[in-house]
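Enquirer: Got a predicted structure plus its sequence, pasted below:
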Amino acid sequence: MNAGWRAIRGPLLNPLPAAGVDYWPDGVLVGDDRGRIVAVGAWEDVAARLNLAAAEVPRSRGLILPPLLDAHIHIPQHPIRGRFAEGIGTDPPGGRLLASLEKNVFPAEGRCEGPAHARHVVADFATDTLANGVIGGAAYMTVHARATRLALEHLPDTWSVGLVLMNNHCPSSLRTDEPGLAEDVDALARGFGRRLIVTDRFAVSVDTPLRREGVALARRHGLRMQTHLDEQRAEKKLVEEVLYPDVGNYTGVYARDGLLEREPILAHCIHLRSDEVDMIAASASSIAHCPVSNTLLGSGVMPLDTIRAAGIPHALCTDVGASPTTSLLCEMAQFLKVHAATSAAATPEEALRLVTVAPARMLGLGDRLGSFAAGMEWSFIEVACDGPVPTDARTAILVGLLRMTANDLEPWRQADDPRAVAIGRLRDQGLEWGHDLAVLDADVRATAKRLEHRVHRVTRAGSVVWESRGV
């Protein structure tokens, strides 16, 4: 093997840019001394071509795949992950989302005003995401410029972080410093460029003048934006009938105020009408699909086939803290379950692409991360794989990564199974707390417990950046 080259050998999954996943039960990934990929493929072929000796190439500690990316997650909510809706009761006024914000989320975000607490939260977030194989994404911080700077300084350049805009329906202590906003954004943009993502909390918490100022600042500095859209029915009704009755629909608020012009990542997009889908498709927007969060909050199910047919880019994301875990493997499993009965596109291969290739493109990292190809970063994760080495890609993903079988998805397709019934009601009407939501809640939490922290090691651009002591 050439001096300066390095390689790792083992079962290797490679999600492809266009569609599908390559899989080599005995594969090898070769990198150079710059941390760039030299070759990837079957061991027998690559070893012969590059004159690799088996004794020189270490074996992996599990399945080898590209690092994962999470394009929608809330850093200050990391300490309350899985407890997002704790203590709000069974039928809170305004729905579970708005009640959870008031009860749990805003207090957690307010604590990040203190730099010592913010540093602690960001450090724990960084460690936990790496432990789940996540090396980057797009995150919300808070309204505090200092906390946002701390996050951008601590996290690697694969993370974009948002200074949150908020001045309505929120505690006074969490309102944006509007007189100082331009100065704050200018300073952060000078220091971090497009890693700063201007963050419109959502239409309930941001009025039009503040949103338009955010858009203007994003335009001035060449930044993109992120927000939430059409997550829950009660939220949609409040936006369309009370706060912005003259606009026509929820998406129209963002279109009118210019946000759709700033390549936004739109989280959730569950309750879209056809004209809203058309608006999003005509823009440079992308969608963060969060099936775990959407299930646990009873929000609904994103119309996957409609989004795909419209050609709107989308990726799987955790939405921590509404999710109990930063594991995108858990998100993949829930994606397969919630769409099992309605979409032929919800395949294990597509689930893997939606946590690798798709978010890499959304985040502007597609030339570095997402799949394995010569010239890209020699970055990968090794995930524990029980039992014999899988023989094909679908089995490697289902059994190796997700600890499932094809038979495990069958109940979610059966009209009389309690889980399928609950998903059907979630899709059709959303769920408040009750038997159906309790069934789904228990299943998600069991899945999270089964799948989180299964990563043995994370290598980025040739350097090991995280290694498990206990997997």
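Expert: Alright, I've got the coordinates.

Enquirer: What segments of the stretch 101-250 of the chain are helices?
Expert: If DSSP state H, counting those that start in this stretch is used as the criterion, the helices of the stretch 101-250 of the chain fall at 106-110, 115-131, 145-154, 181-192, 208-221, 233-237, 250-256.

Enquirer: can I get those helices in JSON lines with mean pLDDT and distance to R368?
Expert: Any C-beta I mention is one placed from the backbone N, CA and C, and that applies to glycine too. As requested, the helices of the stretch 101-250 of the chain are exported to JSON lines (pLDDT from 0 to 100; distance: least, Cβ to Cβ, whole Å):
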{"stretch": "helix 106-110", "mean pLDDT": "88", "distance to R368": "31"}
{"stretch": "helix 115-131", "mean pLDDT": "97", "distance to R368": "17"}
{"stretch": "helix 145-154", "mean pLDDT": "98", "distance to R368": "18"}
{"stretch": "helix 181-192", "mean pLDDT": "98", "distance to R368": "17"}
{"stretch": "helix 208-221", "mean pLDDT": "98", "distance to R368": "22"}
{"stretch": "helix 233-237", "mean pLDDT": "94", "distance to R368": "36"}
{"stretch": "helix 250-256", "mean pLDDT": "98", "distance to R368": "29"}
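
Enquirer: among these, which is the most enclosed?
Expert: Highest mean neighbour count among the helices of the stretch 101-250 of the chain (mean count of other Cβ atoms under 10 Å): helix 250-256, with a mean of 23.

Enquirer: Give the other helices and strands that that helix contacts.
Expert: Helix 250-256 sits against helix 208-221, strand 225-229, helix 274-281, with contacts defined as 3 or more Cβ pairs under 8 Å, 6 or more residues apart in numbering; DSSP states H and E.

Enquirer: Select, out of these, the one closest to A360.
Expert: strand 225-229 (16.4 Å; Cβ to Cβ).

Enquirer: residues in contact with the closest residue to L431 other than its chain neighbours?
Expert: If the residues on either side of it in the chain are set aside, L431 comes closest to G298, at 3.5 Å by Cβ to Cβ, 6 or more residues apart in numbering. Taking Cβ atoms under 8 Å, 6 or more residues apart in numbering, we find G298 in contact with R96, L426, G430, L431, E432, W433, L437.

Enquirer: would you say G298 is within a strand?
Expert: No. Going by DSSP: H, G, I helix; E, B strand; the rest coil, the assignment for G298 is coil, not a strand.

Enquirer: Tell me how many other residues surround R425.
Expert: By the criterion of other Cβ atoms under 10 Å, R425 has 17 neighbours.

Enquirer: Over to R394?
Expert: Under the criterion other Cβ under 10 Å, the count of neighbours that R394 has is 16.

Enquirer: T395 now?
Expert: Neighbours of T395 (other Cβ under 10 Å): 16.

Enquirer: Can you name the helix or strand that it falls in?
Expert: Using DSSP states H and E, T395 falls within helix 393-395.

Enquirer: For whichever helix or strand comes after that helix, buried residues please.
Expert: Counting by DSSP H and E, the next helix or strand C-terminal to helix 393-395 is helix 406-409. Neighbour-count burial for helix 406-409 flags D408, L409 (criterion: 16 or more other Cβ atoms under 10 Å).

Enquirer: CA atoms only for helix 406-409, dumped as CSV, please.
Expert: This file holds the C-alpha atoms of helix 406-409, laid out as CSV (Å, rounded to 0.1, in the frame of the first residue of the first chain):
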residue,chain,number,x,y,z
ALA,A,406,-39.1,-7.2,6.9
ASN,A,407,-41.7,-9.1,9.0
ASP,A,408,-41.4,-6.4,11.7
LEU,A,409,-43.0,-3.9,9.3
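
Enquirer: That helix - what's its average pLDDT?
Expert: Helix 406-409 comes out with an average pLDDT of 93.

Enquirer: I'd like to check what contacts that helix. Which residues are they?
Expert: Contacting residues not belonging to helix 406-409 are listed as L336, K337, A340, R394, L398 [Cβ under 8 Å, 6+ apart].

Enquirer: And the furthest pair within the residues you listed?
Expert: K337 and R394 (16.1 Å).

Enquirer: before we move on, the earlier item: of all the helices of the stretch 101-250 of the chain, which lies closest to S60?
Expert: Each of the helices of the stretch 101-250 of the chain has some distance to S60 by Cβ to Cβ; the shortest is helix 115-131, at 17.4 Å.

Enquirer: quick one: the closest one to helix 145-154, angle?
Expert: 40 degrees (axes from the mean of the first three to the mean of the last three Cα atoms, to 10 degrees).

Enquirer: Can you list the helices and strands that helix 115-131 packs against?
Expert: Applying 3+ Cβ pairs under 8 Å, 6+ apart, we find helix 115-131 packed against helix 145-154, strand 455-460, strand 463-467.
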